[in-house]
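Engineer: here is a sequence with its predicted model. Questions after.
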Amino acid sequence: MSFLAEPEFWARLWSIVLIDLTLAGDNALVIALAVRSLPRRQQLWGRLLGTLGAVALRLIFIAVASAALTIPFVQLIGGLLLVWIAVKLVRGEPGAEHDLRGGTSLANAVWVILVADAVMSLDNVLGVAAAADGDLRLVVFGITLSLPLVVWGS
């Protein structure tokens, strides 16, 4: 627990939280859209189960990305991917508006959330993995801090 006294730990932790919150807005929107057609009680369960599943997937992706970032030139490739994603976001793609249908059942809504999160989380995963610098404690702690805000935002 001596790591809690290190300023570098706290700087990296807050970097992860800021990255997570900045890049998780689209996830909150997907969650809200996926559960919008469900009854009120199932909406709550859909948000909760979809978010927990998405977090589990993200932790797995971040663990893999953290390991991959130790390979030479992978950080450069990851950085180039992030630049490409940023350019696409800023320029806007014609016809990029997608019609995300709400789930027709609780299981379907959770599935929509998981698939959408897996597809959309590359920027988040690369940013968090780089900021964590291989320390999975930071990743888990950072996601745990930002998770309630994403759920609340949905």
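Structural biologist: Nice, thanks for sending it over.

Engineer: hey, let's count contacts and neighbours off CA atoms from now on
Structural biologist: Noted.

Engineer: next SSE after the host helix or strand of A131?
Structural biologist: For A131, the host element (DSSP states H and E) is helix 122-132. Moving toward the C-terminus from helix 122-132, the next helix or strand (DSSP H and E) is helix 136-153.

Engineer: which of the residues in that following helix are classified as buried?
Structural biologist: L136, L138, V139, V140, G142, I143, L145, S146, L147, V150, V151 (16 or more other C-alpha atoms under 10 Å).

Engineer: now do the lengthiest helix in the chain: distance to the chain's middle.
Structural biologist: Counting by DSSP state H, the longest helix found in the chain is helix 40-68. Its chain's average C-alpha position is 8 Å from that of helix 40-68, according to C-alpha atoms, centre = their mean, to the nearest Å.

Engineer: toward the C-terminus, what is the element adjacent to that helix?
Structural biologist: Next element after helix 40-68 (DSSP H and E): helix 74-91.

Engineer: packing partners of that following helix?
Structural biologist: helix 122-132 (3 or more C-alpha pairs under 8 Å, 6 or more residues apart in numbering; DSSP states H and E).

Engineer: which non-adjacent residue is nearest W14?
Structural biologist: G142 (7.4 Å; C-alpha to C-alpha, 6 or more residues apart in numbering).

Engineer: show me where pLDDT drops low in the chain?
Structural biologist: For the chain, the stretches flagged by pLDDT under 70 are 89, 92-103.

Engineer: these two touch, right, N27 and V150?
Structural biologist: Yes - taking C-alpha atoms under 8 Å as the definition, N27 is a contact partner of V150 at 7.5 Å.

Engineer: which neighbours do the two share?
Structural biologist: Here N27 and V150 share no contacting residue, scored by C-alpha atoms under 8 Å, 6 or more residues apart in numbering.

Engineer: stretch 55-74: how far from the chain's middle?
Structural biologist: 13 Å.
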